[in-house]
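**Student:** here's my sequence, what's the structure:
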Amino acid sequence: MSERPSTDEAVPPRSNPVVIGLIGLLTVVIGALESMTIPVLPLLRADLSLSTAQAALIPSTLVITGALATPVVGSLADRYGGRVLLLGVSGVVVAGAATSALAGTFPLLVAGQALQGIGVAFLPLGLVLLRERFPAEKRTVAVGLVAGLFTLGGGTGVITAGPIAENLSWRWMFALPALVITVVALVAAWVLPGAAPRSGAAPGKVDWAGGVLLAATLFSLMLALTELPSEGWSSPMVLSFLAAALVLGTVFVLVESRVSDPFVDVAMLRRPVMIGTTLVAIVLGMGYAVAYMAIPQLVVMPKETGFGLGGTVSDVGLYLFPGAAVAALAGPLAGAAGRRAGTRAVLIGGLVIAAAGSLVGAWMHDSAWQLILLFVLIGIGVGAGLTALYNGILDSVGPDAAGAATGLNTVARSVGLSLGFQVSAAVISRSAEGSPVPVPTEAGYTNSFLVAAAITALAVLGTWGVPGRRAATPPTVATEDRAPTVPA
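**Tutor:** Next comes the predicted model:
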C-alpha cells in the first residue's frame, strides 16, 4: 500500500451511519452475487447442456478474476480514492451481472462471470473508503462490521439463489442484484464526495504484465482440467494447455522477480513461513471447493440412484448455509485460541477438522444430516485454518511486508478454490464413463472427497514454517492492512 498522509486529521463530512450503511449494503449484495451460482450449478448444467467440468468453470472464472482484480483495485484506490473505484467496480459488476443474465451460451456466461469477479475486490475497497471517511477511534468497529457483512452476503446468496431460480429464472438471480447495486451506487455517488487531494501519495505502478501472465497461466490450467475428463491425459489439447500453463507460469515468475512493483511478490516465497502458508492456503481452498462442487449435485440427484437426496435447487442453500455460517464464526474463535495454544496448533487443528469433514463426505453422503455435518466440519476447519494462516504471516513479517504477504496468500487461496472446483469436476465426470446412464456414479463423489481428505492431511507437513506461540512483541500492522478472515 502506498504511503499517503493520514485522512484522520480532516475527516470529510458525512462520516456517519449513512456512509457505512451504503458500503455495507453494497458489500452484502456483491457478496451474495458472488456466491449465487454455487447452489444452481445443476440447473445451469441442464439449461445450457454443460458437462460437470464446464459447470465448474463458472465459479472458477469468478474466483480467478477476483484474485487478479484485488491488487489492481487496491493500487488504483490508493491513487485515485475509494469513491472513484467504488463507482467503477460497481459499474463493471453490473455489466457482468447483465451479461450473465442475458447469456444464451456457455462462453457468454463465463464472460459475464469474469466481469462479476471484479466485485471480489470490493471488500478491500470498502476498507479504503472507511479509512478515508472515519476517524481512527471509530474505524475498527466499522471495518469489522463490513468484513462480517461480506460473509453474510455470501450466505445470503447461497440461500436466495435457489428460490429465485426456481420461481422466476436463474437469469433473475443475476438481474435483481444488478438493479440493487445500480441504485445504491448512484446514491453513493451523491453521498460520498471526492476524497481529499493526495499530493503526498506515491504514484506507484500497476503491474499489468504480471496480471495478464497470471491470468493466462490460471486459465490455461483450468482449461486443461476442463477438457481432461472427456479427452484424457494423452489428448493433444490437454497437453497443449498444460504446457502453456507451465511456460506462462515460468515466465510469470521470472517477470515478477525483476519488476519493482510486482503483481505478486514471488520473492517472498524464499521465506519458510510463506512457502508453508501458501501451500496450506491452496489446500484449504481446494477442500472447500470440493464440498461446494459435490453437495449441490448430491442434493438434486434422484433418489433412484441410491445415493441422491432428490431435492430441489432451493434445498441446496439449506445444506450449504450452516457450514458457511460456522466458517465465519470459526475465525474469531480461532484467533482467541491461537493466543493460548499457538498459531501452528490452531492451523493443524483446522486441517485435521477439514480432513475429517471430507472423510465424512466420502463415507456418508446419502442423507441430509450427513451432508450438513460434512460441510460444517469443513467450514470450521477452513475458517480456523485461514485465521491461523493470516496470524502466522502477520507474526512473521514486518509492517512493510504485511500487505504483500497477505495478498500472496489470498491469491494462493483463490488458486486452490479454482483447482478444487476443476479437480472435483474431473473426478466426478470421469466416473460416468462406462456407466449405462450418462450420469456420475456414487464412486465419483466418494473419490472426490477422498482426494480432498488426502491432500488436506498432507498439508499438515506445510505447517512446519508457521510460528508456534505468538511472539511477545509482534510487528504492528494497521487494521486496514490486514486481510479479512473470510473463507470463501
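
**Student:** show the contacting residues for the nearest residue to R45 once chain neighbours are set aside.
**Tutor:** Leaving aside its chain neighbours, R45 sits nearest to A55 (4.7 Å; criterion: C-beta to C-beta, 6 or more residues apart in numbering). Yep, even glycine has a C-beta here, placed from its N, CA and C like the rest. Neighbouring residues of A55 by C-beta atoms under 8 Å, 6 or more residues apart in numbering: 41, 44-45, 425.

**Student:** ok, and the most crowded of those residues?
**Tutor:** Counting by other C-beta atoms under 10 Å, A425 has the largest number of neighbours within the contacts of A55, with 31 neighbours.

**Student:** what pLDDT, on average, does the helix or strand containing V247 get?
**Tutor:** Using DSSP states H and E, V247 maps to helix 236-256. Helix 236-256 carries an average pLDDT of 85.

**Student:** show me what it is packed up against.
**Tutor:** For helix 236-256, the packing partners by 3 or more C-beta pairs under 8 Å, 6 or more residues apart in numbering; DSSP states H and E come out as helix 208-231.

**Student:** next, the buried residues of the helix it packs on.
**Tutor:** Applying a neighbour-count criterion of 16 or more other C-beta atoms under 10 Å, one finds 210-211, 213-230 buried in helix 208-231.

**Student:** same question for stretch 311-326.
**Tutor:** Buried residues in stretch 311-326, counted by 16+ other C-beta under 10 Å: 311, 313-326.

**Student:** of all pairs in the residues you listed, which one spans the longest distance?
**Tutor:** V313 and V326 (22.8 Å; C-beta to C-beta).

**Student:** would you map the helices across the stretch 1-150 of the chain?
**Tutor:** Using DSSP state H, counting those that start in this stretch, the helices found in the stretch 1-150 of the chain span residues 17-35, 41-48, 52-80, 82-102, 106-116, 122-133, 136-167.

**Student:** now stretch 250-262: buried residues?
**Tutor:** Of all the residues in stretch 250-262, those buried under the rule 16+ other C-beta under 10 Å are 252-253, 255-256, 262.

**Student:** measure it end to end?
**Tutor:** Across stretch 250-262, the terminal residues are separated by 15 Å (C-alpha to C-alpha, to the nearest Å).

**Student:** what about it, distance to the chain center?
**Tutor:** Centroid separation for stretch 250-262 versus its chain: 24 Å, with C-alpha atoms, centre = their mean, to the nearest Å.

**Student:** try stretch 208-222
**Tutor:** A distance of 17 Å separates the centroid of the chain from that of stretch 208-222, by C-alpha atoms, centre = their mean.

**Student:** residues in contact with it: which ones?
**Tutor:** Stretch 208-222 is contacted by residues 57, 60-61, 64-65, 68, 71-72, 241-242, 244-245, 248-249, 251-252, 255-256, 259, 262-264, 411, 415, 418-419, 422 when judged by C-beta under 8 Å, 6+ apart.

**Student:** 7 Å instead?
**Tutor:** With contacts defined as C-beta atoms under 7 Å, 6 or more residues apart in numbering, stretch 208-222 is touched by 57, 60, 64, 68, 72, 241, 244-245, 248-249, 251-252, 255-256, 259, 262-264, 415, 418, 422.

**Student:** kindly format the C-alpha coordinates of that stretch as PDB.
**Tutor:** Output of stretch 208-222 as PDB, limited to C-alpha atoms (Å, rounded to 0.1, in the frame of the first residue of the first chain):
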ATOM      1  CA  TRP A 208      -0.300  -5.100 -15.900                       C
ATOM      2  CA  ALA A 209       2.200  -7.600 -17.500                       C
ATOM      3  CA  GLY A 210       2.200  -9.700 -14.300                       C
ATOM      4  CA  GLY A 211      -1.600  -9.700 -14.100                       C
ATOM      5  CA  VAL A 212      -2.000 -10.800 -17.700                       C
ATOM      6  CA  LEU A 213       0.600 -13.500 -17.300                       C
ATOM      7  CA  LEU A 214      -1.000 -14.800 -14.100                       C
ATOM      8  CA  ALA A 215      -4.500 -14.800 -15.700                       C
ATOM      9  CA  ALA A 216      -3.200 -16.600 -18.800                       C
ATOM     10  CA  THR A 217      -1.500 -19.200 -16.600                       C
ATOM     11  CA  LEU A 218      -4.500 -19.900 -14.400                       C
ATOM     12  CA  PHE A 219      -6.900 -20.100 -17.300                       C
ATOM     13  CA  SER A 220      -4.700 -22.400 -19.300                       C
ATOM     14  CA  LEU A 221      -4.600 -24.700 -16.300                       C
ATOM     15  CA  MET A 222      -8.400 -24.500 -15.800                       C
END
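
**Student:** and stretch 331-347, what's buried?
**Tutor:** 331, 334-335, 337-338, 341-347.

**Student:** can you list which of the residues you listed are found in helices?
**Tutor:** Secondary structure from DSSP state H places 331, 334-335, 337-338, 341, 343-347 of the buried residues of stretch 331-347 in helices.

**Student:** which one of these is nearest to P236?
**Tutor:** Using C-beta to C-beta, L347 is the member of those that lies nearest P236, at 41.5 Å.

**Student:** residue boundaries of the helices in the stretch 351-488 of the chain?
**Tutor:** All helices of the stretch 351-488 of the chain, identified by DSSP H, counting those that start in this stretch, fall at 368-396, 399-430, 442-458.

**Student:** mean pLDDT for these: which is lowest?
**Tutor:** helix 399-430 (a mean of 72).

**Student:** give the contact list for A95.
**Tutor:** A95 makes contact with L115 under the criterion C-beta under 7 Å, 6+ apart.

**Student:** and it, how close does it get to L102?
**Tutor:** Separation of A95 from L102 (C-beta to C-beta, to the nearest Å) stands at 11 Å.

**Student:** now swap in V299 and tell me
**Tutor:** 28 Å.

**Student:** ditto for T456
**Tutor:** 39 Å.

**Student:** the two - which one has more neighbours?
**Tutor:** Legend: neighbour count by other C-beta under 10 Å for T456 and L102, higher for T456 (29 against 13).
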